[in-house]
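[1] show me how the following folds:
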Amino acid sequence: MLLLQAVVATVYFEAHLERVNRRMAVAVAGDLSYLAEAMGRAAEPRERDILLARAGRHMRMAIAWLPGERLPAAPAAHDPLHRLLARAIDDSVSLPFIVESRPEDESYRILLGLKDGVIEAVVPYNRFRIGNTSLVAYWMLGSSVLLLAIAILFLRNQMRPIRRLAEAAERFGKGQEVTDYRPAGASEIRQAGRAFVEMAERIRRQIRQRTEMLAGVSHDLRTPLTRMKLQLAMLPAGAETADLKADVAEMERMVDGYLAFARGADGEAAQFVDVTQLVNEAALAARREGAAIEVNAPPELKVWLKPQTLRRCLANLIDNACRYAKHTTVSVAREPHALLIAVEDDGPGIPRLEREAVFRPFYRLENSRNKDTGGVGLGLAIARDAIRSHGGDVTLEDAAAGGLRAVVRLPL
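    Predicted structure coming up:
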């Protein structure tokens, strides 16, 4: 803004000064033309002296008569005003003349050649200057700086509620509770803040309703399952009874999966947690089940997150990898703005076209799962739901060992 104003002011003042200098030069040339004609008509020396005295007093220049003198050689014009003045005199005066610039006393010496002598006129530089030009320039610069300072203060006051809104949205996107945000600022910013508060409340209400519905359905299913287990326990052992018991056990696993999915991260508070310790605990639990698992992680890595939610995610990813692979590796690394946890296995993997579909609840890969080895189709859905509650995500890609690599990315 200041640069643009400076350029515009420079162009304007240059054009304005050129017009003013031209008019001043024409005025000086007109005065000299009148003086030359009057001197030509004055026959007596006394008349010329009176004329020169009056002219010097009214024309703001020092004028002298040099009888018997001749014009010297004309010097070269070194500045634009010198050339402008010479051009104006040439247009107004029909006598020979020269213009000399005298920077030492800030004036122009103009000599007009008459038949019997030379008229010498010394015109000061300030005859061509505008007295308030610098004042106007300083006023424009000062007003621009003042307006810019006011604009910066105003924008800072308006940016503060915008930053608070952005911070609240970021915290809410990471699954943290946002209870201290109050809309403030201009009317448009307050409107955006109120819209955010209403949106956050709708999302909380939707999550709460989903959780309550799934938890209620899963809880109600446990009652008939318990009765079925009691009835089966009272029946004599047999092939049909064993099949029924297996079906009831599978239904219990499904109900447990529904409850885990419905529970999510509801109500859990975030805290500083050692991620390396959580990964080692999840790996130890898998080793107790006979899995071959390796952990590559720094000695300690503390970040702000929900520990139970991350445990649930790691348990599902590690369980999914160990179920179909002989060897599993869990790696932990910290980037400048994110935490990476990679679960890599040497199993059959998942086709590229189905890597996004497996995150949908109850989706099962029929060619790689069956009732004996597969789950209920909620493991990866629970893992992604848990990580997205932190503002992160889970993606699947090819592993170096030929299997599947699940990458958890959590923002810091």
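[2] how far off centre is stretch 25-45?
    70 Å (CA atoms, centre = their mean, to the nearest Å).
[3] and it, which residues are buried?
    By neighbour count on 16 or more other CB atoms under 10 Å, the buried set for stretch 25-45 is Ala25, Val26, Val28, Ala29, Asp31, Leu32, Ser33, Leu35, Ala36, Met39, Ala42. (Glycine included, C-beta is placed from N, CA and C.)
[4] distance of the fourth one relative to Ala386?
    Using CB to CB, to the nearest Å, Ala29 is found at 91 Å from Ala386.
[5] by contact count, what packs against the helix or strand where Arg205 lies?
    Assigned by DSSP states H and E, Arg205 belongs to helix 187-234. Helix 187-234 sits against helix 133-173, helix 239-263, with contacts defined as 3 or more CB pairs under 8 Å, 6 or more residues apart in numbering; DSSP states H and E.
[6] buried set for stretch 217-233?
    Neighbour-count burial for stretch 217-233 [16+ other CB under 10 Å]: Ser218, Leu221, Met228, Lys229.
[7] could you dump that stretch to PDB, C-alpha only?
    Taking Å, rounded to 0.1, in the frame of the first residue of the first chain, the C-alpha atoms of stretch 217-233 are listed here in PDB:
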ATOM      1  CA  VAL A 217     -28.800 -53.200  21.100                       C
ATOM      2  CA  SER A 218     -25.700 -55.100  22.100                       C
ATOM      3  CA  HIS A 219     -26.800 -55.100  25.700                       C
ATOM      4  CA  ASP A 220     -30.200 -56.400  24.900                       C
ATOM      5  CA  LEU A 221     -28.700 -59.200  22.800                       C
ATOM      6  CA  ARG A 222     -26.800 -60.500  25.800                       C
ATOM      7  CA  THR A 223     -29.900 -61.500  27.600                       C
ATOM      8  CA  PRO A 224     -31.100 -64.200  25.100                       C
ATOM      9  CA  LEU A 225     -27.500 -65.300  24.600                       C
ATOM     10  CA  THR A 226     -27.200 -65.900  28.300                       C
ATOM     11  CA  ARG A 227     -30.400 -68.000  28.300                       C
ATOM     12  CA  MET A 228     -29.200 -70.000  25.300                       C
ATOM     13  CA  LYS A 229     -25.900 -70.700  27.000                       C
ATOM     14  CA  LEU A 230     -27.700 -71.900  30.100                       C
ATOM     15  CA  GLN A 231     -30.000 -74.100  28.100                       C
ATOM     16  CA  LEU A 232     -27.100 -75.600  26.100                       C
ATOM     17  CA  ALA A 233     -25.200 -76.300  29.300                       C
END
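[8] let me see the mean pLDDT of that stretch.
    Summarised as a single mean, pLDDT over stretch 217-233 is 78.
[9] quick one on the thing from earlier: which one of the helices and strands packed on helix 187-234 lies nearest to Pro361?
    Across the helices and strands packed on helix 187-234, Pro361 has its closest neighbour in helix 239-263 (6.5 Å, CB to CB).
[10] what's the next secondary structure element after that closest one?
    Assigned by DSSP H and E, the successor of helix 239-263 is strand 271-274.
[11] now do that following strand: distance to the chain's middle.
    Centroid separation between strand 271-274 and its chain, computed with CA atoms, centre = their mean, is 30 Å.
[12] export the helix or strand just after that strand as CSV, just CAs?
    Per DSSP H and E, strand 271-274 leads on to helix 275-288 as the next helix or strand towards the C-terminus. Presented in CSV, the C-alpha positions along helix 275-288 are these (Å, rounded to 0.1, in the frame of the first residue of the first chain):
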residue,chain,number,x,y,z
VAL,A,275,3.5,-44.3,23.1
THR,A,276,6.4,-46.7,23.3
GLN,A,277,5.1,-48.2,26.4
LEU,A,278,1.6,-48.6,24.9
VAL,A,279,3.1,-50.3,21.8
ASN,A,280,5.2,-52.7,24.0
GLU,A,281,2.2,-53.6,26.1
ALA,A,282,0.1,-54.4,23.0
ALA,A,283,3.0,-56.5,21.5
LEU,A,284,3.4,-58.3,24.8
ALA,A,285,-0.3,-59.2,24.8
ALA,A,286,0.1,-60.6,21.3
ARG,A,287,3.1,-62.6,22.3
ARG,A,288,1.1,-64.3,25.0
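[13] mind listing what's buried in the helix or strand just after helix 275-288?
    The helix or strand immediately downstream of helix 275-288 is strand 293-296, counting by DSSP H and E. Residues of strand 293-296 classed as buried: Ile293 (neighbour count, 16+ other CB under 10 Å).
[14] what do you get for stretch 157-166?
    Neighbour-count burial for stretch 157-166 [16+ other CB under 10 Å]: Pro161, Ile162, Arg164, Leu165.
[15] re earlier: any idea which of the helices and strands packed on helix 187-234 is most buried?
    When the helices and strands packed on helix 187-234 are scored by mean count of other CB atoms under 10 Å, the highest mean neighbour count falls to helix 239-263 (a mean of 15).
[16] quick check: mean pLDDT of that helix?
    The model assigns helix 239-263 a mean pLDDT of 73.
[17] quick one, it and helix 187-234 angle?
    On the basis of axes from the mean of the first three to the mean of the last three CA atoms, to 10 degrees, helix 239-263 is oriented at 160 degrees to helix 187-234.
[18] the helix holding Arg205 vs helix 133-173, what angle?
    With the same axes, to 10 degrees defining the directions, helix 187-234 sits at 10 degrees from helix 133-173.
[19] could you measure from the residue sitting furthest away from the middle of the chain over to Leu51?
    Going by CA atoms, centre = their mean, the residue of the chain most distant from its centre is Glu44, 84.0 Å out. Glu44 sits 10 Å away from Leu51, going by CB to CB.
[20] which stretches of the protein have low pLDDT?
    1-17, 43, 77, 129-137, 174-175, 257-258, 260-268, 366-377 (pLDDT under 70).
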